[in-house]
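# My questions concern the predicted model and sequence given below.
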Amino acid sequence: MNFPYRKFLVDLTNCPFPEKKSSLRPVIRIDFDTTNGTMGYLVLIDSGADYCIFHADIGEALGLKVTEGKALVFSGIPGQKQKAYFHKIAFKIGGIEHCCWAGFSYDLDAMNYGILGQDGFFDKWSIKFEYKKENVELKQA
Amino acid sequence: MKVKTNNDMTKILKGYSDKWVVLDPTISRVVVAGNEPKDILKIARDKGVDHPVLTRVPAHNGVYIL
């Protein structure tokens, strides 16, 4: 399956390159079944992330008791500690069912999207990043 | 298989800094925006969007480095 890279605005007041207006990112839609119907959620394919981490609001929309999950304290480059609670969940990627453990965090407000990381995503799919073609190819591993 | 959806989010999400937004299933337009995902998902479904797509726009669009 092929997914397009998506183009997002950059903060023009905080960009070292005046000609740069946008950033291309490997962001795809994943789809959940919830008690209220289906819903999509945008996630970044992030090879630098150890785990799949989603906004806690998504867990709540799925009917999970978020804080009852397995807890993880994690941090990104700034080093600030954040907390996520892991639950085993299912969603679809391009219509294909995918099951994994994902963490849900109340500390992701500064993040645009959920994150698909090594455990739970890269261990289940072969991923080919083609930036020049603005394409991400996914194959089940 | 090529999954066809809109890939240029620059115009669609402009003006929604620090908001949650619900997009239509093809990710071509914002259906509703707000501060509480649960509320805007309900509004979108009430408007007849059967597969709302949720995302967040950080303050000033954010800079993504992890």
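Ah, there it is.
# could you pull out the strands for the chain?
Chain wasn't specified; assuming chain A. A:2-4, A:6-9, A:22-25, A:27-34, A:37-45, A:53-55, A:70-75, A:81-93, A:96-105, A:114-116, A:125-130, A:135-140 (DSSP state E).
# oops, chain B please
Counting by DSSP E, chain B has strands at residues B:19-23, B:30-34, B:53-57.
# Can you check what angle separates the second one from strand B:19-23?
Put plainly, it is strand B:30-34. On the basis of axes from the mean of the first three to the mean of the last three C-alpha atoms, to 10 degrees, strand B:30-34 is oriented at 160 degrees to strand B:19-23.
# Give me the angle between strand B:30-34 and strand B:53-57.
Strand B:30-34 and strand B:53-57 meet at an angle of 50 degrees, taking the same axes, to 10 degrees as the criterion.
# Give the rounded mean pLDDT of strand B:30-34.
Per-residue pLDDT values over strand B:30-34 give a mean of 97.
# Report all helices and strands that it contacts.
With contacts defined as 3 or more C-beta pairs under 8 Å, 6 or more residues apart in numbering or on different chains; DSSP states H and E, strand B:30-34 has these neighbours: strand B:19-23, helix B:37-46. Using the backbone N, CA and C atoms, a C-beta is placed for each residue, glycine as well.
# Kindly recompute the last result at 10 Å.
Contact here means 3 or more C-beta pairs under 10 Å, 6 or more residues apart in numbering or on different chains; DSSP states H and E; on that basis strand B:30-34 packs against strand B:19-23, helix B:37-46, strand B:53-57.
# Just list the residues touching the closest residue in space to A:Gly95 that isn't next to it in sequence, thanks.
Leaving aside its sequence neighbours, A:Gly95 sits nearest to A:Asp31 (C-beta to C-beta, 6 or more residues apart in numbering or on different chains; 7.9 Å). When the contact criterion is C-beta atoms under 10 Å, 6 or more residues apart in numbering or on different chains, the partners of A:Asp31 are A:38-41, A:91-95, A:97-98, B:25, B:51, B:53.
# follow-up on the earlier one: tell me which of the strands of chain B approaches A:Ala102 most closely.
Closest to A:Ala102 of those, according to C-beta to C-beta: strand B:53-57, at 15.0 Å.
# quick check, that closest one touching chain A?
Yes: part of strand B:53-57 sits close enough to chain A to count as contact by C-beta under 10 Å from any C-beta of the partner chain, namely B:53-57.
# how near is the closest residue in space to B:Ile43 that isn't next to it in sequence to chain A?
Nearest residue to B:Ile43 in three dimensions, chain neighbours excluded: B:Val32, at 4.7 Å (C-beta to C-beta, 6+ apart). Remark: distance between B:Val32 and chain A (C-beta to the nearest C-beta, to the nearest Å) = 13 Å.
# Near B:Val32, how many other residues are there?
19 (other C-beta atoms under 10 Å in any protein chain shown).
# check contacts around it.
B:Val32 makes contact with B:19-23, B:39-44, B:46-47, B:49, B:52 under the criterion C-beta under 10 Å, 6+ apart.
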